[in-house]
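1. got a predicted model here, sequence first, then my questions.
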Amino acid sequence: MRWIRPISAQVEESAEILGAKAHGLVALHRLELPVPAAFVITTEACRAFLREGSLPAGLGAELVTAMRGLEAATGRRFGATRTPLVVSVRSGASVSMPGMMNTILNLGLTSEATAGLAAETGDARFALDSRLRMLSGFASALTDISDGGVSAALDRAAARSSDDEEGRLADEIQAAQQLIRQRCGQPLPDDAPRQLELAVGAVFSSWDAPRARTYRELHDIPHDLGTAVIVQAMVFGNRDDRSGTGVAFSRDPNTGENVPFGDVLFGHQGEAVVSGRSPTRPLDELHAREPAVWAALTDALTRVEKHYRDACYVEFTFQAGRLWLLQTRPGRYTGAAAVRVATDLADECVITRHEALRRVSPRHLQHARTPRIATSARADVLARGAGACPGVAVGRVATTTDAAVRMAADGPVILVRPETSPHDMRGLAAVAGIVTARGGPASHAAVVARAMGKPAVVGITGLSIDAAGASVTAGGRTLGEGTVVTVDGTTGTLALGSPPITTDAADMHLHRLLAWADEASGNRTERDEVQRLNAARAALGHAPPE
């Protein structure tokens, strides 16, 4: 059995073997777009690991050979003091499970390689920061502490440090190493090949983490698929002030409008965008700050959308003004956005009207007319942020996952957190709506909310959460856990109580799609909206609701 495949334009295997993420990277190679050198460990290896409890026979030798291939492709050496090769180790199942499994960045930065990277770049702060991010990733993956919990431990170490920035980073590195030693009973080996084996095992193991199992149960994903693992040469978004990272949709995922949409962070690596701990900037800020990156990104979005014949999503990093693509897939839009994308693509002759009907599900139709707090209502607005998933939810405030699960047994709950992480999965599954103080439209909370169709507002400036005191403060007012609030994910509003709600009239895109459905079903006389929705479902091959 061969466990590893190179990622190149010549690879022909399916997403079931390579995982959807690696399969997308193959597509990017075929489009001749910039992708860092990489290889993939197949889902078959994960299934063997889960059966046997260890890396399958022969995988260790294949890893050595595959790393030599990356060294040859990059001109760098793994774990070396001079021009060290640094890689990311990421999960990639055949179906999307956003943030549910482990990722480790900057792997290979042993103490010697870190010194070598500092000498090569002349930037010791950058090298130490990158090593700290690797150790933080390992601390989270090996100890099952949330990213937020690891960050809190490192923040405490930083607060005790009286040194300059390099000294503070060194203190945080020591704290991360101590955390791993305390939780695992031994230190992380200062050996790059051994770290790689540990990282691969950690990603495989995370397939069976409680959060991942919960997500699969919610989305009817089989538990026996396993995940692939992508090992890829690092591109450093934290390299300098002309570096950064972000996510981009070819069309607005909330409205379906044909404009690029997403988040960008300058001087950061990818996990900062997803975690929500750092405030992101609107994607179009790239246009003014890094016009060459913006031009390359928008060209890539156009080419990827043409390839998939669908709206698309990409993750990207840019280093010293050069763009690199790390992931792509067709976009997953909800409600009115899905309807608009389907009708627009049909109008652009990218797909047929029948294809447009097939792409819009009953769930999309159920959310195609978006509720919002009535503009005429005198709503008691607490705060405003970014609407991350359209719709309205009313419920009682919960400040922790455990509280949300407990309280949801007695009625709808709104989970209010500084940011969410995969460790919040049980709470996210139980609640009616989601609110976070930090993060943007591509943060973990926003991505999961859209996947579940739950109204969400993210990035509320000034919102603070006291989990120990079971309270939240917004707009200068403190609310105890259990207070009823309303989340309007369409307008980005958090309001006290339960104000009147209105629902938007069906827009022209929905009317046109329903007309196509009427034609497809042979029914041109229905005018009642409920009957037309039923006709649309019938045209889509689904039975009308009871």
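-> That came through, no problem. Numbering: from 1, shown residues only.
2. only C-alpha atoms from now on, for both contacts and neighbour counts.
-> Will do.
3. could you list the low-pLDDT ranges of the protein?
-> 144-149, 151-155, 157-162, 275-276, 522-546 (pLDDT under 70).
4. pop the domain breakdown of it in here.
-> 244-330, 335-368+505-539, 371-503 (automatic domain parsing).
5. could you dump those to TSV with mean neighbour count?
-> Output for those, formatted as TSV (neighbours: other Cα atoms under 10 Å):
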stretch	mean neighbour count
domain 244-330	20
domain 335-368+505-539	18
domain 371-503	22
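6. looking at these, which is closest to M234?
-> Proximity to M234 (Cα to Cα) singles out domain 244-330 among those, at 9.6 Å.
7. how about T486, phi and psi?
-> phi -120, psi 130 (degrees, to the nearest 10).
8. one more: H287?
-> The phi/psi pair for H287 (degrees, to the nearest 10) is phi -60, psi -40.
9. now T375
-> Per degrees, to the nearest 10, the backbone of T375 is at phi -70, psi -30.
10. and the gap between it and A295?
-> If you measure T375 against A295 using Cα to Cα, to the nearest Å, the figure is 39 Å.
11. R329 too?
-> Taking Cα to Cα as the measure, R329 falls 20 Å from A295.
12. same check on L196?
-> Counting by Cα to Cα, the gap from L196 to A295 is 35 Å.
13. which residues in the stretch 151-300 of the chain form helices?
-> For the stretch 151-300 of the chain, the helices defined by DSSP state H, counting those that start in this stretch occupy 165-184, 192-206, 210-218, 270-275, 285-289, 291-308.
14. among these, which comes closest to A468?
-> The closest of the helices of the stretch 151-300 of the chain to A468 is helix 270-275. By Cα to Cα, the value is 21.5 Å.
15. which elements pack onto that closest one?
-> Counting contacts by 3 or more Cα pairs under 8 Å, 6 or more residues apart in numbering; DSSP states H and E, helix 270-275 is packed against strand 244-249, strand 261-266.
16. I'd like the domains of the chain as a markdown table, with distance to A27 appended.
-> Listed next are the domains of the chain as a markdown table, based on distance: least, Cα to Cα, whole Å:
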| stretch | distance to A27 |
| --- | --- |
| domain 244-330 | 8 |
| domain 335-368+505-539 | 19 |
| domain 371-503 | 22 |
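17. closest one to V95 among the ones you listed?
-> V95 lies closest, by Cα to Cα, to one member of the domains of the chain: domain 244-330, at 10.5 Å.
18. measure the closest one end to end?
-> Domain 244-330 end-to-end distance (Cα to Cα) = 23 Å.
19. how far off centre is it?
-> How far domain 244-330 lies from its chain's middle: 13 Å, per Cα atoms, centre = their mean, to the nearest Å.
20. next one: stretch 202-216
-> 15 Å.
21. who touches the host helix or strand of A388?
-> According to DSSP states H and E, A388 maps onto strand 386-389. Outside strand 386-389, the residues that touch it by Cα atoms under 8 Å, 6 or more residues apart in numbering are 254, 440-441, 446, 449-450, 453-460, 488-493.
22. can you tell me which of those residues end up in helices?
-> 446, 449-450 (DSSP state H).
23. quick one: strands adjacent to the strand holding A388?
-> Partners of strand 386-389 in the sheet, by DSSP bridges, are strand 456-458 (antiparallel).
24. now what about the partner strand, what contacts it?
-> Counting by Cα under 8 Å, 6+ apart, 384-391, 433-441, 445-446, 449, 487-489, 492-494 sit against strand 456-458.
25. now for the helix or strand just after that strand, which elements pack on it?
-> As assigned by DSSP H and E, the chain's next helix or strand after strand 456-458 is strand 464-466. Applying 3+ Cα pairs under 8 Å, 6+ apart, one finds that strand 464-466 contacts strand 471-474.
26. change it to 10 Å
-> Judged by 3 or more Cα pairs under 10 Å, 6 or more residues apart in numbering; DSSP states H and E, strand 464-466 is in contact with strand 413-417, strand 471-474, strand 477-480.
27. wait, isn't A20 in contact with P98?
-> No: in this structure A20 lies outside contact range of P98 using Cα atoms under 10 Å: 12.0 Å.
28. any common contacting residues for these two?
-> Listed contacts common to A20 and P98 are 91-92; contacts here mean Cα atoms under 10 Å, 6 or more residues apart in numbering.
29. more neighbours: the two, which one.
-> Neighbour tally, A20 and P98, criterion other Cα atoms under 10 Å: the higher count belongs to A20, 23 against 16.
30. tell me which stretches of the stretch 251-400 of the chain form strands.
-> Secondary structure of the stretch 251-400 of the chain by DSSP state E, counting those that start in this stretch: the strands cover 261-266, 281-282, 312-319, 322-330, 371-373, 380-384, 386-389, 392-398.
31. any idea how far V229 is from G19?
-> 8 Å.
32. joint contacts of these two?
-> Joint contacts of G19 and V229 (Cα under 10 Å, 6+ apart) are 40-43, 91-93.
33. so of those, which ones are in strands?
-> Within these, residues falling in strands by DSSP state E are 40-41, 91-93.
34. buried subset of these, written for ChimeraX?
-> To isolate the buried subset of those in ChimeraX, counting by 16 or more other Cα atoms under 10 Å, use the following:
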select :40,41,91,92,93
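35. list just the nearest of the ones in strands among the shared contacts of G19 and V229 to P418.
-> Of all those, P418 sits closest to S91, with 25.4 Å by Cα to Cα.
36. output the strand holding A388 as PDB, restricted to C-alpha atoms.
-> Only the C-alpha atoms of strand 386-389 are listed here, as PDB (Å, rounded to 0.1, in the frame of the first residue of the first chain):
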ATOM      1  CA  ALA A 386     -20.900  42.200  11.200                       C
ATOM      2  CA  GLY A 387     -23.800  40.100  10.100                       C
ATOM      3  CA  ALA A 388     -22.200  36.700   9.500                       C
ATOM      4  CA  CYS A 389     -25.300  34.600   8.700                       C
END
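37. any chance of CSV for the helices and strands packed on strand 464-466, columns distance to D504?
-> Shown next, in CSV, are these (distance: least, Cα to Cα, whole Å):
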stretch, distance to D504
strand 413-417, 23
strand 471-474, 28
strand 477-480, 30
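38. so which of these is nearest I501?
-> Of the helices and strands packed on strand 464-466, nearest to I501 by Cα to Cα is strand 413-417, at 16.9 Å.
39. which neighbours in the sheet does the closest one have, and how are they oriented?
-> Sheet pairing of strand 413-417 (DSSP bridges) gives strand 392-398 (parallel), strand 433-436 (parallel).
40. which one of the ones you listed lies nearest to D507?
-> Nearest to D507, of all the strands paired with strand 413-417, is strand 392-398, at 18.5 Å by Cα to Cα.
41. can I get that closest one in CSV? Just the C-alpha atoms.
-> Included here for strand 392-398 are C-alpha records, laid out as CSV according to Å, rounded to 0.1, in the frame of the first residue of the first chain:
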residue,chain,number,x,y,z
VAL,A,392,-33.1,36.4,13.3
ALA,A,393,-32.9,34.3,16.5
VAL,A,394,-34.4,35.1,19.9
GLY,A,395,-33.1,33.4,23.0
ARG,A,396,-31.5,33.6,26.4
VAL,A,397,-27.9,34.5,26.8
ALA,A,398,-25.4,31.8,27.6
